[in-house]
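1. sequence below, structure please.
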Amino acid sequence: MKEQVSSNSVNESELRQPLKILLYGKQADSLEPLLSDHENMYRVEDQPDVVVCYGGDGTLLSAELRWPGLPKIPILNSRRGHRCIPHPPEEVISKLAEGALRRNVYTKLEGYIQRKRGVSNGTPLVALNEFNVHMGRINSAVRYRLNINGYAYEDGLEILGDGFVICTPFGSTAYFRQITRGIFTQGIGVAFKSTTEHTSHLVLPETAEVSFEIVRGPAVLAFDSAQRYSSLEAGDTLLVHRHAHGATILTCGPIHRLHEPF
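-> All right, here's what the predicted structure looks like:
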């Protein structure tokens, strides 16, 4: 089954020549000599055309947070990196110089926190992987209600548990999979953590608008690899829908299945 992602070959004319490359990752400096082998690219520290991520999945997610929308090339340099290209760096850089990489655009999610007094946090939170809400105290579960497209889930059922995850197909191979033992390839996924109710996970259309009202907190919201955390209290609501723009990731070939490496 194919993943929900638009994919096409990258032509040299699609990317500005010469290419301005930003190297990102703990050992990314080691890739600089590879750039010098090609006359049509050079390294920069800001305003890049492409971000080469050298590390694991966390490095890729962190780069998307810092430089949203710019094409990313995730080259594996970690024990874990299901979303990273396992080929030698020199091969990937050469393909970039030749315009032989493949462009893949993945869905992202946009979230807002509406406080109990009706005040929004203003700036949207944007995630390629997931929004993850967990109980704020280890000995106190979270109680919340779920609404989908303005309709109360299970007639307004108050769900009691450790929290929940709402994710994209890209992120379904992460925490969503650990909770549900499954993945999905289209839509928006909702997984419930250790709930006392007999509630299964949900996979909703990508056009869905979802809200979670915290009935009893405290809870903590995290997303992707962001260092920022947000506290949620009783009366606060997390609103989530599809983001207007996707994440562009360049790979060595077409993506066939979620579990296959780039």
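
2. which residues does E110 contact?
-> 124-126, 240-244 (CB atoms under 8 Å, 6 or more residues apart in numbering). Heads up, the C-betas are built off the backbone N, CA and C, glycines and all.

3. tell me how many other residues crowd the residue lying closest to it once chain neighbours are set aside.
-> Excluding the flanking residues, the one nearest E110 by CB to CB, 6 or more residues apart in numbering is H243, at 4.1 Å. Applying other CB atoms under 10 Å, we find 19 residues neighbouring H243.

4. how about Y175?
-> 16.

5. correct me, but V51 touches I73?
-> Yes: under the criterion of CB atoms under 8 Å, V51 makes contact with I73 at 7.2 Å.

6. between the two, which one's more packed in?
-> I73 (26 against 22).

7. so in terms of bridging, what pairs with that one?
-> Residues in a beta bridge with I73, per DSSP bridges, are V52.

8. quick one on the thing from earlier: pLDDT score for the residue nearest to E110?
-> For H243, the pLDDT comes out at 97.

9. who's in contact with it?
-> Counted by CB under 8 Å, 6+ apart, H243 has contacts 107-110, 124, 126.

10. any idea how far it is from R228?
-> From H243 across to R228, the span is 17 Å (CB to CB, to the nearest Å).

11. what of D29?
-> 27 Å.

12. and the residue lying closest to L204 once chain neighbours are set aside, how many residues sit next to it?
-> Distances taken as CB to CB, 6+ apart place I188 nearest to L204, at 4.8 Å, with adjacent residues excluded. Counted with other CB under 10 Å, the neighbours of I188 add up to 26.

13. for I188, what are phi and psi?
-> I188 adopts backbone torsions of phi -130, psi 130, taken as degrees, to the nearest 10.

14. doesn't F170 make contact with it?
-> No: the pair I188 / F170 is not scored as a contact, 11.3 Å apart, by CB under 8 Å.

15. contacts only, for the spatially closest residue to H87 that is not a sequence neighbour.
-> Spatial nearest neighbour of H87, excluding adjacent residues (CB to CB, 6+ apart): C252 at 5.8 Å. For C252, the contact set (CB under 8 Å, 6+ apart) comprises 85, 87, 91-92, 95, 101-102, 262.

16. make a PyMOL selection of the buried ones in those residues.
-> The buried subset of the contacts of C252, as determined by 16 or more other CB atoms under 10 Å, is captured in PyMOL by this line:
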select buried, resi 85+87+92+95+101+102+262
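
17. tell me which of the contacts of C252 fall in helices.
-> Taking DSSP state H as the definition of helices, those contribute 91-92, 95.

18. out of those residues, who's nearest Q17?
-> Of all the ones in helices among the contacts of C252, Q17 sits closest to K95, with 15.3 Å by CB to CB.
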